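Asks: Okay, structure incoming, though there's no sequence with it:
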């Protein structure tokens, strides 16, 4: 039985990852800075901890006697959050740095770091029609300010701990992971959840217009959470030790993403394009050539399928007035 420490266990990806580990018979220790009541998914029969993993003593304690460490922790959110909280985003470097030191001290067998497409050179992302980003496109370095620099620096830390101390590391650059059981309001939500929520609220409140950040022509690719977890497991137990894309190469505009949600709702809405809102780069999507060749992996869920699952989950919370879940995933009260 493998023993895993999952850091960032109370978050969106962390909850889904733990569920997969438990289903496969692994022993899991889970830690997150959030109080347990605010974890997106909580598993009662495992070793749960609410601790600040920016502190080395906590990293040392939590990684003791663990075979593997999965670092999914960071202070982040959607584009509105990361553009307005750069210092907080960069402080996540302390988690990765102290975890690496603790893993080396405790002789952990292998370490996983969740990086991001924000690590890529932003000068390559000025055109919505850009080709998918390849792993080599991270250099020369000019990542997204704040969050992207933290990710790229942490990638290098993983590389050097592997080279200098023999700690085996795996690094994935996530491209917009989405799905049920994640935040969908409050400022930290990603575009798919935000758009599903806006469509659902407009339909419920019989409104005919939806706010869209930017002009709607900016492009992204989005990967469904189940595909993400599959890819991480495959990467983690492979021999590949360099940063690799985990994403979809199904590139869409924000307008096209909105159209998918509208189709599910059975309604069409007018758009209020808000050009003064944070928009991020003009175009970003994943090139999956390397992961297909190296790991023989490809995503299973189309964007239409994944958005439908996400939309239905959010709509169920609204229609059935599940206020406890609404508060947990948004930190807001459905009744106010």
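Replies: Everything's here; your move. Note that the structure is predicted; figures quoted are calculated from it, not measured.

Asks: Just confirm residue 249 is within a strand.
Replies: No. Residue 249 is assigned coil when assessed by DSSP: H, G, I helix; E, B strand; the rest coil, not a strand.

Asks: What pLDDT is listed against it?
Replies: For residue 249, the pLDDT comes out at 96.

Asks: Use 560 as the first number for this chain going forward.
Replies: Will do, 560 is the new start, and the previous item becomes residue 808.

Asks: any idea how far it is from residue 871?
Replies: Here residue 808 is placed at a distance of 25 Å from residue 871 (Cβ to Cβ, to the nearest Å). From N, CA and C alone the C-beta is placed, and that goes for glycine too.

Asks: Residue 875 reaches residue 885, doesn't it?
Replies: No. Counting by Cβ atoms under 8 Å, residue 875 stays clear of residue 885, with 10.9 Å between them.

Asks: Between these two, which is the more surrounded one?
Replies: For residue 875 and residue 885, the more surrounded residue by other Cβ atoms under 10 Å is residue 885, and the numbers stand at 19 against 13.

Asks: Which residue is the nearest non-sequential neighbour of the more buried one?
Replies: Nearest residue to residue 885, sequence neighbours excluded (Cβ to Cβ, 6 or more residues apart in numbering): residue 893, at 4.1 Å.

Asks: What count of nearby residues applies to residue 604?
Replies: For residue 604, the neighbour count with other Cβ under 10 Å is 7.

Asks: quick one on the thing from earlier: return the distance of the residue nearest to residue 885 relative to residue 764.
Replies: Taking Cβ to Cβ as the measure, residue 893 falls 13 Å from residue 764.

Asks: which of the two has more neighbours?
Replies: Legend: neighbour count by other Cβ under 10 Å for residue 893 and residue 764, higher for residue 893 (14 against 7).

Asks: In contact with that one, which residues?
Replies: Contact analysis of residue 893 by Cβ atoms under 8 Å, 6 or more residues apart in numbering lists 876, 877, 880, 881, 882, 885, 886.

Asks: repeat that for 10 Å
Replies: Applying Cβ atoms under 10 Å, 6 or more residues apart in numbering to residue 893 gives the contacts 876, 877, 880, 881, 882, 883, 884, 885, 886.

Asks: give me the number of residues near the fourth one?
Replies: Using other Cβ under 10 Å, the number of residues around residue 881 comes to 14.

Asks: doesn't residue 875 make contact with it?
Replies: Yes. Using Cβ atoms under 10 Å, residue 881 is in contact with residue 875, at 7.3 Å.

Asks: in the protein, which spans are strands?
Replies: Residue ranges of the strands in the chain, as given by DSSP state E, are 562-566, 586-591, 606-609, 627-630, 669-675, 727-733, 736-737, 768-772, 778-780, 782-783, 803-805, 810-812, 829-833.

Asks: could those go into TSV alongside mean neighbour count and distance to residue 646?
Replies: Formatted as TSV, those follow (neighbours: other Cβ atoms under 10 Å; distance: least, Cβ to Cβ, whole Å):
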stretch	mean neighbour count	distance to residue 646
strand 562-566	25	21
strand 586-591	23	21
strand 606-609	16	23
strand 627-630	26	20
strand 669-675	24	17
strand 727-733	22	22
strand 736-737	24	24
strand 768-772	17	22
strand 778-780	24	25
strand 782-783	25	28
strand 803-805	26	27
strand 810-812	18	31
strand 829-833	12	25
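
Asks: pull the longest helix from the protein.
Replies: Using DSSP state H, we find that the single longest helix of the chain is helix 706-724.
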